[in-house]
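1. Quick one: sequence plus predicted model below, questions after.
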Amino acid sequence: MAEGVERSGWAEFITDRLYFATLRVKPKNTSTTHYFSTDEEYVYERYCCKLNQKLTGCTTSRKTLVHYTSYEQKKRANAAVLIGAYAVIYLKRSPEEAYRTLISANSTPYLPFRDAAVGESVYNLTVLDCLRGFHKALQSVFLDFDNFNVEEYEHYEEAGLQHHDLYFLDGTTPSDLIARRFLHVCEAAGGAVAVHCKGCGRSLPWGKAHPMATPPPLLNCNCTLIHVATPPL
């Protein structure tokens, strides 16, 4: 064990190379161990690319890599999904194998994900559920990292969308003012209109709200994005 580093509580994904740990104190890098965290990051699509770079990079290729997270439940669950997804996508582990690794070194359960509704959650999405989703996407070729162009993805993510937020309490009907604003945005749009909800299933009803609504063309750079959502919990 290099430099007396205590690996108790570390989940081992690659022997002597890649670990996942939940820590109460921010660790310091050593000559043989490199620690990194995603707890303060909110853009995750490059995680696998960054991890591959760390595994092969000149300064870290011979070091033990430790993705560490805190005991803050939401951040810990996010971090677990990221490294678990890496194990499924690149290490070719089954979802169950990746999840067993995650829970092998720490008995603290992972907080499940939920929808954006206000009130008690009626369905919890576990870390294992998320990993099974990645695995299913790989099997169905919905997700193909060999041909995935992250630069193109980020380009269209940042493409010139005219964005409108229409907030109202989940489970309620929008006010007349919000409904009129929605119709005005649709009628004034110079291109396609995309309606996006926070995950509570309200996009379809809004898409049918306009009497002249027809299936829109594919999303393009002139698209108007209408975000129908409650504020995050």
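-> Ah, there it is. Please read all numbers here as calculations on a predicted model, not as lab measurements. Residues are numbered from 1 along each chain as shown.
2. Once you drop chain neighbours, what's closest to residue 10?
-> residue 19 (4.1 Å; Cβ to Cβ, 6 or more residues apart in numbering). All C-beta spots, glycine's among them, are computed from the backbone N, C-alpha and C.
3. what about residue 119, distance to residue 125?
-> 17 Å (Cβ to Cβ, to the nearest Å).
4. For the residue nearest the centre of the chain, report the pLDDT, please.
-> In the chain, the residue lying closest to the centroid (Cα atoms, centre = their mean) is residue 44, at 6.2 Å. You'll see residue 44 listed with a pLDDT of 77.
5. Residue 119 and residue 125: which is more packed in?
-> The neighbour comparison of residue 119 against residue 125 (other Cβ atoms under 10 Å) goes to residue 125, with 14 against 8.
6. Assess the claim that that one and residue 114 are in contact.
-> Yes. In this structure, residue 125 is within contact of residue 114 by Cβ atoms under 8 Å, at 6.9 Å.
7. what's the helix or strand for residue 35?
-> Per DSSP states H and E: residue 35 is located in strand 33-36.
8. How much space separates the spatially closest residue to residue 95 that is not a sequence neighbour from residue 189?
-> Counting by Cβ to Cβ, 6+ apart, residue 95 lies nearest to residue 131, which is 3.8 Å off, once chain neighbours are set aside. According to Cβ to Cβ, residue 131 and residue 189 sit 39 Å apart.
9. Residue 173 now?
-> Noted for residue 173: a distance of 23 Å to residue 189, by Cβ to Cβ.
10. which helix is the longest one in the protein?
-> helix 73-89 (DSSP state H).
11. Phi first, then psi, for residue 61.
-> phi -60, psi -20 (degrees, to the nearest 10).
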